[in-house]
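Engineer: what shape does this take:
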Amino acid sequence: MTGSRIGATRHKLHAFTGVAANHVHRARILCQSLKRFHPEFAFHLALADKAPDWLDLSKEPFDSVSGVESLNIPGGRGWIFQHTITELCTAIKPFVLRRLLEQPGCEQVYFFDSDLVFFSGIDDLIEALSGSNIILTPHQTTPEATLEAIVDNEICSLRHGIYNLGFLGVRNTDESRRFADWWAERLYHFCREALDMHLWTDQKWINHVPVFFDGVQVIKSSRFNVAPWNIATRELEGSFEKGFTVDGEPLAFYHFTGFDSGAHKIMATKYAAGNPAVESLIRWYEEANRNGLDHNSHDTAWAYGTFENGEPITHIHRLIYRMRKDLQEAYPDPFEIKPGRKSYYQWFGWKARLEHALFFPQDGRAVTWPSANGDPPDAVGSPNGKLRVLGKYELREAIDALGNGHPGLLIQLARLLLLTKHYWTWGLFHFRQGGLGAVLQRGWRRLQLLLGVNGASSPEAPLPASTQPVGRERVTRER
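Structural biologist: Down below sits the predicted model:
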């Protein structure tokens, strides 16, 4: 259930995290660890999900629980449908931030990833924010010493963002509210796992913040946000009995990112091999998760992962709906399936293969775009490594042949898009909204039909198995 037990209490310090219901147990660990050192914080759980019936606020450490639909984000369920679970968990952050900044007496708001754990107090962080508008922690604060670590960590930060958005601190000022509005607008339209488009959920946008806004402080103390991407340059020592230190200072919070896949342990072993402090932290978190993972949390499926009839929603369902403003207007609730009423599910079954044939190659598999690891369609793998996606050179030959007898704007547009880095999808990304964009989209769909690309797959054909990122890439994806 959702709700709040704050009442008329005026809290100066607020913290929140965002998860789906199956990770509530992690949010508990985070909340309890923070309140151990700072009981004065009001802690808010923001669900990128519907609040399950088993979630009883009176039995939880949280001060409030809210589902994504209670945030009243414009577009409602249609906007939710356009996002993967990771995208939605990150896209809601500025909307929660804006709501908390409106709380009576609020002075500071902090976001913490659910896989963070506190091991000492953060009075120095609170003091730093009292003299700033926004505080950030970068992935690295010290240059790496080896080429391998440069590739794993520094180059990866260039791809995913300089600052780690597992942490963010905002003071309640006019400038900070301007930042929250800016961030909300960017993530409303562009919170995407799409490295090919130079986007990485909420995180990469923050590269702009020190330039666009005043009073931004970068926190360089090595005791904050310790994680596999910086453990190679930090000396983590200690134990649960004596306490943990980082470069001689108390460890404030450790980021157990990438834990589910095992990537955390892989990278921690690679860069902190034989470090008893790191090993004990990993063992402790494994045990804490086992003890805290009740069957309710574990068995709760994401509410926005299926249509109302229980059919899974694929990447291709989300992508086409995201691209098509006409479909968003025609089906404002794309999850809905009602007898005697037209639905997006019905439209997809009848028309998706005709109007978006390139998404359905002849081998009977649907293309996921963006793929799970952000690569373009012709880089997506399949079990046999032979997934066929119509390549740009094949497509160019077909257009040339068509163009011999049919010159005109449509052909010239196609040629222009084919010269871009990611030809057709990149073009649709830029021209996807209203006016000329709608005309160009219709023209592009006509071109798909003229090319005669056969979509032999069903609308529910299984997606190709994506090439899984490894090492730092995988750790970053699961932060």
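Engineer: so how far is residue 269 from the closest residue to residue 149 other than its chain neighbours?
Structural biologist: By the measure of CB to CB, 6 or more residues apart in numbering, the closest residue to residue 149 outside its immediate chain neighbours is residue 232, 5.1 Å from it. No exception for glycine: its C-beta is placed from N, CA and C like everyone else's. Residue 232 sits 12 Å away from residue 269, going by CB to CB, to the nearest Å.
Engineer: show me what stretch 220-228 is in contact with.
Structural biologist: Outside of stretch 220-228, the residues that reach it under the criterion CB atoms under 8 Å, 6 or more residues apart in numbering are 116, 120, 122, 124-125, 137-139, 141-142, 164, 166-167, 230, 233-234, 236, 245-247, 249-255, 257-258, 263-264, 267-268, 271, 472, 475.
Engineer: again, but for stretch 197-208
Structural biologist: Where contact means CB under 8 Å, 6+ apart, the residues beyond stretch 197-208 that reach it are 86-87, 90-91, 93-94, 136, 159-165, 168, 183, 186-187, 190-194, 370, 422, 426, 429.
Engineer: end-to-end on that stretch?
Structural biologist: Taking CA to CA, to the nearest Å, the first and last residues of stretch 197-208 lie 16 Å apart.
Engineer: repeat for stretch 170-178
Structural biologist: One end of stretch 170-178 sits 11 Å from the other (CA to CA).
Engineer: that stretch: which residues count as buried?
Structural biologist: In terms of neighbour count (16 or more other CB atoms under 10 Å), stretch 170-178 has its buried residues at 170-173, 175-177.
Engineer: could these go into CSV alongside distance to residue 330?
Structural biologist: Compiled in CSV, the buried residues of stretch 170-178 are given as follows (distance: CB to CB, whole Å):
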residue, distance to residue 330
170, 38
171, 43
172, 41
173, 42
175, 40
176, 38
177, 35
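Engineer: closest to residue 24 among the residues you listed?
Structural biologist: Closest approach to residue 24 among those (CB to CB): residue 170, at 24.2 Å.
Engineer: looking at residue 232 and residue 269, which is more packed in?
Structural biologist: Just comparing residue 232 and residue 269: by other CB atoms under 10 Å the higher neighbour count belongs to residue 232, 19 against 15.
Engineer: which residues touch that one?
Structural biologist: By CB under 8 Å, 6+ apart, the contact list for residue 232 reads 144-146, 149, 153, 271-272.
Engineer: also residue 73?
Structural biologist: Taking CB under 8 Å, 6+ apart, we find residue 73 in contact with 79-80, 92, 95, 188.
Engineer: repeat that for 7 Å
Structural biologist: When contacts are counted by CB atoms under 7 Å, 6 or more residues apart in numbering, residue 73 touches 79, 95.
Engineer: any idea how far residue 108 is from residue 240?
Structural biologist: Residue 108 sits 29 Å away from residue 240 when distances are taken as CB to CB.
Engineer: more crowded one of those two?
Structural biologist: In terms of neighbours (other CB under 10 Å), residue 108 is the more surrounded of residue 108 and residue 240; the figures are 22 against 11.
Engineer: next up, phi/psi of that one, please.
Structural biologist: Taking degrees, to the nearest 10, you get phi -140, psi 150 for the backbone angles of residue 108.
Engineer: how about the contacts made by it?
Structural biologist: Residue 108 makes contact with 12-13, 126, 129, 169, 171-172, according to CB under 7 Å, 6+ apart.
Engineer: the residue lying closest to residue 356 once chain neighbours are set aside: how many residues sit nearby?
Structural biologist: For residue 356, ignoring the flanking residues on the chain, the nearest one in space by CB to CB, 6+ apart is residue 320 at 5.7 Å. Using other CB under 10 Å as the criterion, residue 320 is surrounded by 21 other residues.
Engineer: turn the contacts of residue 232 into TSV, including pLDDT and neighbour count.
Structural biologist: Formatted as TSV, the entries for these read as follows, by pLDDT from 0 to 100; neighbours: other CB atoms under 10 Å:
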residue	pLDDT	neighbour count
144	96	19
145	94	10
146	95	11
149	95	20
153	95	27
271	94	23
272	94	20
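Engineer: so which of these sit within helices?
Structural biologist: Counting by DSSP state H, the part of those found in helices is 149, 271.
Engineer: residue 135 looks like it's in a helix, true?
Structural biologist: No: if the criterion is DSSP: H, G, I helix; E, B strand; the rest coil, then residue 135 is strand and not within a helix.
Engineer: please give me every residue in contact with the residue nearest to it when sequence neighbours are not counted.
Structural biologist: For residue 135, ignoring the flanking residues on the chain, the nearest one in space by CB to CB, 6+ apart is residue 169 at 4.0 Å. The contact partners of residue 169, taken as CB under 7 Å, 6+ apart, are 108, 110, 125, 129, 134-135.
Engineer: where exactly do the strands run in the stretch 201-350 of the chain?
Structural biologist: If DSSP state E, counting those that start in this stretch is used as the criterion, the strands of the stretch 201-350 of the chain fall at 216-218, 236-239, 243-246, 249-250, 253-255.
Engineer: let me fix that, I meant to ask about the stretch 51-200 of the chain.
Structural biologist: With DSSP E, counting those that start in this stretch, the ranges of strands along the stretch 51-200 of the chain come out as 64-67, 108-112, 116-118, 134-136, 167-171, 193-194, 199-200.
Engineer: show me the shaky parts of the stretch 251-400 of the chain.
Structural biologist: Applying pLDDT under 70 to the stretch 251-400 of the chain flags the ranges 295, 361-400.
Engineer: the nearest residue to residue 88 once chain neighbours are set aside and residue 57, how far apart?
Structural biologist: What sits nearest to residue 88 in space, not counting adjacent residues and going by CB to CB, 6+ apart, is residue 48, at 4.2 Å. Distance from residue 48 to residue 57, counting by CB to CB: 18 Å.
Engineer: residue 198 now?
Structural biologist: Looking at residue 198 against residue 57, where the rule is CB to CB, the gap reads 40 Å.
Engineer: likewise residue 161?
Structural biologist: 33 Å.
Engineer: which of these two has more neighbours?
Structural biologist: Counted by other CB under 10 Å, residue 161 and residue 57 do not tie: residue 161 has more neighbours, with 20 against 17.
Engineer: ok, back up a step: turn the strands of the stretch 51-200 of the chain into TSV, columns for distance to residue 351 and mean pLDDT.
Structural biologist: Listed next are those as TSV, based on distance: least, CB to CB, whole Å; pLDDT from 0 to 100:
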stretch	distance to residue 351	mean pLDDT
strand 64-67	32	96
strand 108-112	41	98
strand 116-118	45	98
strand 134-136	45	98
strand 167-171	42	98
strand 193-194	25	91
strand 199-200	28	94
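Engineer: mind putting those in a markdown table, distance to residue 338 included?
Structural biologist: Formatted as a markdown table, the strands of the stretch 51-200 of the chain follow (distance: least, CB to CB, whole Å):
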| stretch | distance to residue 338 |
| --- | --- |
| strand 64-67 | 22 |
| strand 108-112 | 38 |
| strand 116-118 | 42 |
| strand 134-136 | 45 |
| strand 167-171 | 40 |
| strand 193-194 | 31 |
| strand 199-200 | 34 |
